[in-house]
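1. Test case, fold it:
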Amino acid sequence: MSMDWNLPAGLLAGKYWDWLLSGWYVTIGSSVCVIVLASLLGLPFALARSNGHWLVRSVAALYLSVFRNTPLLVQLFFWYFAVPSLLPEHWMQALNQHHSLTEDSLLRFVPTFEVIAAITGLVLYSTAYVGEEIRAGLRSIPSGQWQAARSLGMTQWQALRHIVLPQALRNVISPLFGQYMNIVKNTSLGMAIGLMELSYRTRQVEAETFQSFQAYAIATLLYIVLIVLLQWLGHRLQAVQPGRPA
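-> Numbering: from 1, shown residues only. Okay, here's the model as predicted:
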């Protein structure tokens, strides 16, 4: 819904602010989805990398090699251009058509293929980085912690959940949030496959108004707001760790 903006001459017109803010909301939503999913997938990936069985470690190492050693943009192109050729045609038609909010169909809850491809590519790429940070945290915990938990009758999963993992995550809060900041910035590459996030909308505004400085200055500030909020949240989480002043 468009807002009625009364802005001085020389600034962007109201509808262009709506475009930028709508793109910002897509950036926020995409970033949150990727952060949550990459964090959830990062733990089993970290455990696989630390597993004693050579086959499990090898599969995890192959995953790491593929996703960390190929450009993210190429991966997004793969999910957007290559994968559709493997899907049934009626699936692609359903994903690519616009679904009205009043449409009496479950399809109205299905995101567009651009969103699915961008989120998938970003999650798989980010999981490799987030998982490595979690693995570093797990390796920082002395083996005596595992042994003490097992001596108390805990299973390996209970020891991980209640003893090891909380300490490991506290040790890697700063690098984890560094990866989350990278995720926010990486969402801008979704522009290349049609994800209507902040960079996409900024390019639209610049192309229609030719007010490059205003458009990109506002977009830069909106990105900075997100990064600063993540920095603040990371610092707050570190401050409430046991033994540190709140």
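
2. Lowest-scoring secondary structure element of this protein by mean pLDDT?
-> Lowest on mean pLDDT, DSSP states H and E among the helices and strands of the chain sits helix 89-96, with a mean of 70.

3. After that one, which helix or strand is next?
-> Next in sequence after helix 89-96, counting helices and strands by DSSP states H and E, comes helix 113-139.

4. Number of residues surrounding Gln156?
-> Neighbour count for Gln156, taken as other CB atoms under 10 Å: 11. C-beta coordinates here come from the backbone N, C-alpha and C atoms, glycine included.

5. Equivalent analysis for the one 4 residues further on, please.
-> Counted by other CB under 10 Å, the residues lying close to Leu160 total 19.

6. How about the contacts made by it?
-> Counting by CB atoms under 8 Å, 6 or more residues apart in numbering, Leu160 makes contact with Leu47.

7. Check the gap between it and Ala148 for me.
-> Computed as CB to CB, to the nearest Å, the Leu160 to Ala148 distance reads 13 Å.

8. go on, Arg139?
-> In terms of CB to CB, Arg139 sits 17 Å off from Ala148.

9. which residue ranges form the helices in this protein?
-> 14-50, 54-68, 72-77, 89-96, 113-139, 143-151, 156-159, 165-171, 173-186, 198-209, 212-239 (DSSP state H).

10. any idea of the pLDDT on the residue lying farthest from the centre of the chain?
-> Computed with CA atoms, centre = their mean, the residue of the chain farthest from its C-alpha average is Ser151, at 38.4 Å. Ser151 carries a pLDDT value of 83.

11. Leu107 now?
-> 45.

12. cool, Val164 as well?
-> So Val164 comes in at 87 (pLDDT).

13. And for Trp17, the neighbour number?
-> 17.

14. Now do Leu165 against Val123, distance only.
-> If you measure Leu165 against Val123 using CB to CB, the figure is 21 Å.

15. Sketch out the low-pLDDT regions of the chain for me.
-> Counting by pLDDT under 70, the chain shows low-confidence ranges at 1-12, 91-92, 94-110, 241-246.

16. ok, the residue most central in space within it - contacts?
-> What sits nearest the mean C-alpha location of the chain, by CA atoms, centre = their mean, is Val34, with 2.7 Å. Residues near Val34 by CB under 8 Å, 6+ apart: 119, 122-123, 126, 183, 187.

17. Skipping adjacent residues, who's closest to it in space?
-> Leu122 (4.5 Å; CB to CB, 6 or more residues apart in numbering).

18. ok, now how distant is the one you found from Val172?
-> 20 Å.

19. who has more neighbours, those two?
-> Between Leu122 and Val172, counting by other CB under 10 Å, Leu122 is the more crowded of the two (27 against 20).

20. Double-check that one against Ser30; I have them as touching.
-> Yes: taking CB atoms under 8 Å as the definition, Leu122 is a contact partner of Ser30 at 7.2 Å.

21. residues shared between the contacts of those two?
-> Jointly contacting Leu122 and Ser30 under the rule CB under 8 Å, 6+ apart are 187, 190.

22. burial measure for Leu222, as a count.
-> Neighbours of Leu222 using other CB under 10 Å come to 17.

23. which residues touch it?
-> So Leu222 contacts 20, 24, 27, 198 (CB under 8 Å, 6+ apart).
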